[in-house]
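J.: Here is my input; please provide its structure:
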Amino acid sequence: MLFNSIQFALFFAVVLIVFYVLPPRVRVWWILLASLFFYCYKSPDEPVGEQSYYLFAAILVTWITAVVIDLIPAQGKLKILRGILLAEGLIADFGMLIYFKYTKFFIELINPRIVDNGGQAISTDFNLLMPLGISFFIFTSTGYLIDVYRCKYHAEKNPLYVALFTSFFPCIMSGPIERGDHLIPQLKKLHKVKVIDVNRMSSGLFLIIWGLFAKMVIADRIAMIVDNVYGHYYNYGSVELIFASICYSIQIYCDFMSYSTIALGCAKMMGIEVFDNFNAPYLSLSVKEFWRRWHISLSSWLRDYVYFPLGGSRCSKIRKHLNVLITFLVSGFWHGAGINFIIWGGMHGVVQMIDDVTSPLRKKINDITHAKTDSFGYKFGKGLLTFAFVDIAWVYFRITDFHLANEIVRRMFMRPDLWVLFNDGIYELGLDRKEFNILFIAVLVLIVMDIAKKDKDKSVGDIMIAQPWWFRWAVIISLFFAVLTFGIYGPAFDPAGFIYLNF
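T.: You can find the predicted model right below:
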C-alpha cells in the first residue's frame with residue numbers, strides 16, 4: 001500500500017477517525033491492528049504472503065531476548081550470559097536479513113554457476129521474495145536489543161508496545177529507523193493525546209501534502225528524464241549526462257524525503273513524533289556534513305552501532321580512517337546486495353578520509369591566502385564541490401553495472417556538446433517545454449523550503465506552525481491543488497513506488 005495511492009488515503013482516513021473516536025485506552029491496540037493490516041495488505045485478490053511471518057518472528061525474538069537480557073545483572077559472573085543472548089538475538093534478526101537480501105549475492109560472488117554431481121552447470125539465477133521493509137524493521141529491532149544490553153534503558157515487558165514499536169505503519173517500509181527510548185514512551189502515552197489540536201493537525205497535514213508534492217510533482221516527473229537519458233546514454237553527450245545526473249540527485253532526494261515526510265505527518269496527526277530523516281542535505285559544505293543531513297536515522301544508527309563499537313575517533317588516525325571506511329562500506333551494503341552499492345559507500349568513506357587528512361594543509365593555505373572562510377563565495381564553492389562529488393557518486397548508486405557507470409561518468413567529461421544549451425535540446429530529454437517549466441518551478445519551491453529548513457534547523461512542519469494561520473492554510477491548499485493538477489498520475493508514467501522500498 002503506497003503512500004501516494006488512493007488506498008492509503010482511505011486507509012489513513014479510517015485509522016485517524018477511529019483513533020480519535022475509540023476510548024483512549026484502546027488506541028494503542030487500534031494502531032497495532034492498523035499497522036499489521038498495513039504491512040500484510042497486498043490487494044483484494046491476493047492473499048497475505050508468508051513474508052509477513054518474518055515480521056512476527058522479529059517482534060517475538062526482539063521482545064523475548066530483550067526481556068531476558070534485562071533480567072540478568074550487567075555486572076558479575078552472569079554478564080557473559082547477556083552477551084550470549086544478545087549475540088543470539090542479533091544472529092536471529094540479521095540472519096533473516098542476510099538470507100533474504102544477500103544469499104544470491106554471496107553465491108554469485110563465490111561462484112556464479114554451481115556444478116551438480118552429473119557435471120552439468122546449474123545457474124543460480126534465482127530470487128527470494130524479500131519481506132517488505134526488512135532492512136528497516138531489522139535495524140529498528142537490533143538497535144533496541146543493543147540499547148537494552150548497554151543498559152541505556154530497561155526492556156519493555158509488555159509485548160504490545162514492542163510489537164507496535166517494530167511495526168508502526170508510517171515507519172516500517174522505509175523508515176525513519178526509530179529508537180526504543182524515543183518511540184516507546186510516546187506509544188505508552190497515546191491515551192493522553194488530545195483529540196483537537198489545530199497546530200498539530202495542520203502541521204501533520206502540511207507534511208503529508210508536502211511529501212506528496214515532492215514525490216508526485218517532482219520525483220515522478222524528473223524520473224522520466226533520468227530513465228530516458230540513462231537508458232540511452234550512448235545517444236547523449238556531456239551536457240545531457242551531467243543534467244541527467246543532477247536530475248537523479250533531485251529524484252532520489254525528493255523520492256526518499258517525500259516518504260519520510262509523509263511518515264512524519266501521519267505520525268504527528270496521531271500525536272507521535274518520529275525522527276525527521278532529512279535536513280537540506282544538498283546545502284551541505286562537506287561530505288561529512290552531508291551525512292549529518294541525509295538519511296539521518298540510518299547515519300546515526302551506523303554511528304552508534306558500527307562506528308563507535310569499532311573505536312570511533314578515540315584511537316590512532318589510521319584506525320579512525322579504517323573505522324570510517326568500514327562504516328560507509330556497511331552503509332553501501334545495507335542499501336543493496338551489489339558491488340555498485342559497496343563502491344558508492346566506499347567513495348563516501350574515502351572522501352571523508354581525504355578530507356580529514358588534508359584538513360591541516362587546507363587550513364594553512366587559507367591562512368596564507370587570507371581566505372574569507374565565512375564569506376558567501378567561499379561557502380558556495382565548498383557547497384558546489386560537495387554536491388558535485390555526491391552527484392557523481394549517485395551514478396554508481398543508480399547504475400548497477402560498474403563498467404557502465406564508469407562509461408557514463410567518462411562521457412560526462414569527455415563528450416562536450418555545449419550547443420545543446422542553445423538549441424532547445426533540453427526539451428527532448430523526456431519532458432516537453434510545459435512539463436519542464438512545471439518541474440523548474442517545483443524545484444525552486446523545494447530549494448526555498450530547504451533553505452528555510454536549514455536556516456531554522458526545524459522540520460518544515462514546525463516552520464509552518466510558526467506562520468500566521470491564513471498563510472499556513474494558503475500554502476496547504478496551494479500545494480494540495482498543485483498535487484491534483486500537476487502530480488504524475490496514470491500507468492503511462494508508472495509512478496510505481498518509492499525508490500527506498502527496494503532496500
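J.: What segments of the stretch 251-400 of the chain are helices?
T.: 287-293, 296-302, 308-310, 317-335, 339-357, 359-369, 376-398 (DSSP state H, counting those that start in this stretch).
J.: Looking at those, which one is packed in the most?
T.: Neighbour counts (mean count of other Cβ atoms under 10 Å) averaged over each of those peak at helix 296-302, with a mean of 21. (Each C-beta comes from the backbone N, C-alpha and C, glycine too.)
J.: Give me the packing partners of the helix or strand where F243 lies, helices and strands only.
T.: Element membership of F243, judged by DSSP states H and E, is helix 238-269. With contacts defined as 3 or more Cβ pairs under 8 Å, 6 or more residues apart in numbering; DSSP states H and E, helix 238-269 has these neighbours: helix 198-212, helix 220-231, helix 376-398, helix 402-414, helix 433-456, helix 460-465.
J.: Can you lay out those helices as JSON lines showing mean pLDDT?
T.: Formatted as JSON lines, those follow (pLDDT from 0 to 100):
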{"stretch": "helix 198-212", "mean pLDDT": "92"}
{"stretch": "helix 220-231", "mean pLDDT": "92"}
{"stretch": "helix 376-398", "mean pLDDT": "94"}
{"stretch": "helix 402-414", "mean pLDDT": "91"}
{"stretch": "helix 433-456", "mean pLDDT": "92"}
{"stretch": "helix 460-465", "mean pLDDT": "86"}
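J.: Return the per-residue confidence for the residue sitting nearest the centre point of the chain.
T.: Central residue of the chain (Cα atoms, centre = their mean): H295, 4.9 Å from the mean position. Looking at H295, its pLDDT is 92.
J.: Was I right to think it contacts D276?
T.: No - checked against Cβ atoms under 8 Å, the pair H295 and D276 is beyond contact range at 11.1 Å.
J.: Give me the residue ranges of this protein where confidence is low.
T.: Residues of the chain that meet the criterion pLDDT under 70 lie in 42-51, 111-128, 489-503.
J.: Now with 80, please.
T.: 1, 41-52, 76, 104-130, 175, 337, 417-422, 424-425, 488-503 (pLDDT under 80).
J.: Can you give the domain ranges for it?
T.: Per automatic domain parsing, the structural domains of the chain span 6-194, 196-278+417-503, 283-400.
J.: Q251 versus F436, what's the distance?
T.: According to Cβ to Cβ, to the nearest Å, F436 and Q251 sit 15 Å apart.
J.: okay, those two: which has more neighbours?
T.: Q251 (24 against 17; other Cβ atoms under 10 Å).
J.: who wins for proximity to A223 among the helices of the stretch 251-400 of the chain?
T.: helix 376-398 (11.0 Å; Cβ to Cβ).
J.: For that closest one, what is the distance to the chain centroid?
T.: Taking Cα atoms, centre = their mean, to the nearest Å, one finds helix 376-398 lying 19 Å from the centre of the chain it belongs to.
J.: what angle do that helix and helix 317-335 make?
T.: 50 degrees (axes from the mean of the first three to the mean of the last three Cα atoms, to 10 degrees).
J.: by contact count, what packs against helix 376-398?
T.: Checking 3+ Cβ pairs under 8 Å, 6+ apart, helix 376-398 ends up next to helix 238-269, helix 287-293, helix 339-357, helix 402-414.
J.: mind putting those in JSON lines, distance to L384 included?
T.: Formatted as JSON lines, the helices and strands packed on helix 376-398 follow (distance: least, Cβ to Cβ, whole Å):
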{"stretch": "helix 238-269", "distance to L384": "12"}
{"stretch": "helix 287-293", "distance to L384": "13"}
{"stretch": "helix 339-357", "distance to L384": "15"}
{"stretch": "helix 402-414", "distance to L384": "16"}
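J.: List the buried residues of stretch 24-35.
T.: Across stretch 24-35, burial judged by 16 or more other Cβ atoms under 10 Å covers 27-28, 30-32, 34-35.
J.: Just the CA trace of that stretch, in PDB.
T.: Presented in PDB, the C-alpha positions along stretch 24-35 are these (Å, rounded to 0.1, in the frame of the first residue of the first chain):
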ATOM      1  CA  PRO A  24      -8.300   6.500  24.700                       C
ATOM      2  CA  ARG A  25      -7.000   3.300  26.400                       C
ATOM      3  CA  VAL A  26      -7.800   1.200  23.200                       C
ATOM      4  CA  ARG A  27      -5.900   3.500  20.900                       C
ATOM      5  CA  VAL A  28      -2.600   1.500  21.100                       C
ATOM      6  CA  TRP A  29      -4.400  -1.700  20.200                       C
ATOM      7  CA  TRP A  30      -6.100   0.000  17.200                       C
ATOM      8  CA  ILE A  31      -2.800   1.400  15.900                       C
ATOM      9  CA  LEU A  32      -1.100  -2.000  16.200                       C
ATOM     10  CA  LEU A  33      -4.000  -3.600  14.300                       C
ATOM     11  CA  ALA A  34      -3.800  -0.900  11.600                       C
ATOM     12  CA  SER A  35       0.000  -1.300  11.400                       C
END
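J.: I appreciate the help and will end here.
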